[in-house]
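Novice: Need coordinates for the following:
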Amino acid sequence: MSKAHIWLRAETKPLEERIALTPNVAKKLLDAGFKVTVEESEQSAISSQPYRDIGCDIQPAHSWREAPLDTIILGLKELTEEKWPLAHKHIHFAHVYKNQQGWKEVLQRFTQGQGQLFDLEYLVDENNRRIAAFGYWAGFAGAAVALKAFARRSQQMAPVLPKLASSPNQAALVNEIKSLLSLRDKPAKVLVIGAKGRSGRGAVEMAKSVGAQVIEWDIEETKVGGPFPQLLECDVVVNCVFVQAALPPFLTTEMLHQADRRLSIICDVSCDPYGDYNPLPIYDTCTTFSDPTLRLVEGDNPLDLIAIDHLPSLLPVESSEDFCQQLLPHLLQLDNLEQGVWQRANHVFNQKINQI
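Specialist: Numbers count the residues shown, from 1 in each chain. Sure, this is the predicted structure:
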């Protein structure tokens, strides 16, 4: 019996340089007997040549629609907003299970085409823990971007953040932020919410590595319920909380206008302004690499928010390699979608389909 055919599609999200299957992981799949097709991509941090060198089939970008129906389409971010039915099995982050804007329309495409979605966010083990996540890198990059914005604000540089571009590696990003902060005479005061989670650990490590004063909050500090005026006493707040139920808000719009507010930069790494569970209901749209900040408060004491939903793309190679290594043991089980993480993800998909 032949192994499954895995088709790595090119990403369509602007400036998304990460990839859901790195060459070293693709090689292990090939060695295990899987067929691997890789689409060419101009924006990926990894070119198609290393895949060609190890024996992957190379196809033009976005040609997966013509793939045989038993092909498994692997990607990272959501598909473009189209209307045509989806007939394949898809693996990617769809952002539809928390009733985000347009969730019904996305899932209806699967029902119309009789396709299936195995959402990467809902690949969990028997203890309901995520088996693969970019969380550490999201937090690390989020803290870096927030501190970059804070340093530029301190030096009255405009804009607060220019268009962002990826860094070649972690060390280069740390050195860039250190250099910017070195012009200040005292360390930045950073509060990380969700500090014990994957994203939070990344944010804490980044902030400490550049000499910031870091306050770590987790369940113990937030269990009393917001709002939390203590957040206004810091220079930077980085929210890394993974929310699965409605919470009292951490901050309200009214609080942001207090005259004695120290807070000047918020980075919402969790970044879900469109869902019902957003603990920072002070904004309603994400920011982007091209336009990274949203001005929440104007005037002499401005406040800016960063809410980019693919922050690990700032470190695309390292974050992709880490994620794919976490995912590999489960990709090797793709011949049996009726067990393990795949069966559990399919169960969530079917539950959500029934809510349409």
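
Novice: Skip the chain neighbours and tell me the closest residue to residue 155.
Specialist: residue 183 (6.1 Å; CB to CB, 6 or more residues apart in numbering). Using the backbone N, CA and C atoms, a C-beta is placed for each residue, glycine as well.

Novice: Could you grab the helix/strand/coil label for that neighbour?
Specialist: coil (DSSP: H, G, I helix; E, B strand; the rest coil).

Novice: Which residues are in contact with it?
Specialist: Counting by CB atoms under 8 Å, 6 or more residues apart in numbering, residue 183 touches 151, 154-155.

Novice: Which one of these is nearest to residue 15?
Specialist: residue 151 (22.2 Å; CB to CB).

Novice: residues touching the closest one, list them.
Specialist: 177, 180-181, 183-184, 188.

Novice: Double-check that residue 91 belongs to a strand.
Specialist: Yes. Per three-state DSSP, residue 91 lies within a strand segment.

Novice: what about it, distance to residue 338?
Specialist: To residue 338, residue 91 is 15 Å away according to CB to CB, to the nearest Å.

Novice: neighbour count winner among these two?
Specialist: Shown here are residue 91 and residue 338; by other CB atoms under 10 Å, residue 91 has more neighbours (27 against 7).

Novice: still on that earlier bit, and the contacts of residue 151, which of them are buried?
Specialist: 177, 180-181, 188 (16 or more other CB atoms under 10 Å).

Novice: Adding distance to residue 209 as columns, could you present these in TSV?
Specialist: Output for the buried ones among the contacts of residue 151, formatted as TSV (distance: CB to CB, whole Å):
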residue	distance to residue 209
177	8
180	13
181	11
188	13
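
Novice: which of these lies closest to residue 352?
Specialist: For the buried ones among the contacts of residue 151, the nearest to residue 352 is residue 177 (39.4 Å; CB to CB).

Novice: Surely the closest one touches residue 144?
Specialist: Yes. Counting by CB atoms under 8 Å, residue 177 touches residue 144, with 5.3 Å between them.

Novice: Torsion angles phi and psi at the residue nearest in space to the middle of the chain?
Specialist: Central residue of the chain (CA atoms, centre = their mean): residue 310, 4.1 Å from the mean position. Main-chain dihedrals, residue 310, degrees, to the nearest 10: phi -140, psi 50.

Novice: least confident pick among the contacts of residue 151?
Specialist: Least confident by pLDDT among the contacts of residue 151: that is residue 183, with 89.

Novice: what's that residue sitting at in phi/psi?
Specialist: phi -80, psi -10.

Novice: do you know how far it is from residue 78?
Specialist: Distance from residue 183 to residue 78, by CB to CB: 39 Å.

Novice: Is residue 6 in a helix, a strand, or coil?
Specialist: Under three-state DSSP, residue 6 comes out as strand.

Novice: Run a quick neighbour tally on it.
Specialist: 23.

Novice: next one: residue 199
Specialist: By the criterion of other CB under 10 Å, residue 199 has 31 neighbours.

Novice: host element of it?
Specialist: Secondary structure assignment for residue 199, by DSSP states H and E: helix 198-209.

Novice: Could you pull up the mean pLDDT of that helix?
Specialist: 98.

Novice: who's in contact with that helix?
Specialist: Helix 198-209 has contacts (CB under 8 Å, 6+ apart) with 133, 135-144, 147, 174, 177-178, 188, 190, 192-195, 214, 216, 218, 238, 240, 242, 269-270.

Novice: Please pick the buried ones from the residues you listed.
Specialist: 133, 135-144, 147, 174, 177, 188, 190, 192-195, 214, 216, 218, 238, 240, 242, 269-270.

Novice: neighbours of the residue nearest to residue 247 when sequence neighbours are not counted, just the number please.
Specialist: Leaving aside its chain neighbours, residue 247 sits nearest to residue 279 (4.8 Å; criterion: CB to CB, 6+ apart). If you count neighbours by other CB under 10 Å, residue 279 ends up with 22.

Novice: Start at 572, not 1
Specialist: Done: numbering now begins at 572, and the last item shifts to residue 850.

Novice: how close does residue 850 get to residue 799?
Specialist: Residue 850 is 10 Å from residue 799, by CB to CB.

Novice: what touches both of the two?
Specialist: residue 821.

Novice: quick one, phi/psi of residue 820?
Specialist: phi -60, psi 140.

Novice: tell me the angle whichever helix in the chain runs longest makes with helix 769-780.
Specialist: Longest helix of the chain, by residue count under DSSP state H: helix 706-725. Angle, helix 706-725 to helix 769-780, by axes from the mean of the first three to the mean of the last three CA atoms, to 10 degrees: 40 degrees.

Novice: Which residue, other than its chain neighbours, is closest to residue 833?
Specialist: Going by CB to CB, 6+ apart, residue 833 has residue 804 as its nearest residue, at 5.5 Å.

Novice: Same question for residue 632.
Specialist: Nearest to residue 632 is residue 581, by CB to CB, 6+ apart, at 3.9 Å.

Novice: Ok, residue 625 next?
Specialist: Going by CB to CB, 6+ apart, residue 625 has residue 598 as its nearest residue, at 4.7 Å.

Novice: so how far is residue 906 from that neighbour?
Specialist: Going from residue 598 to residue 906 by CB to CB gives 18 Å.

Novice: Of the two, which one has the most company?
Specialist: Taking neighbours as other CB under 10 Å, residue 598 and residue 906 compare with residue 598 leading, 17 against 13.

Novice: Tell me how far that one lies from residue 664.
Specialist: 24 Å.
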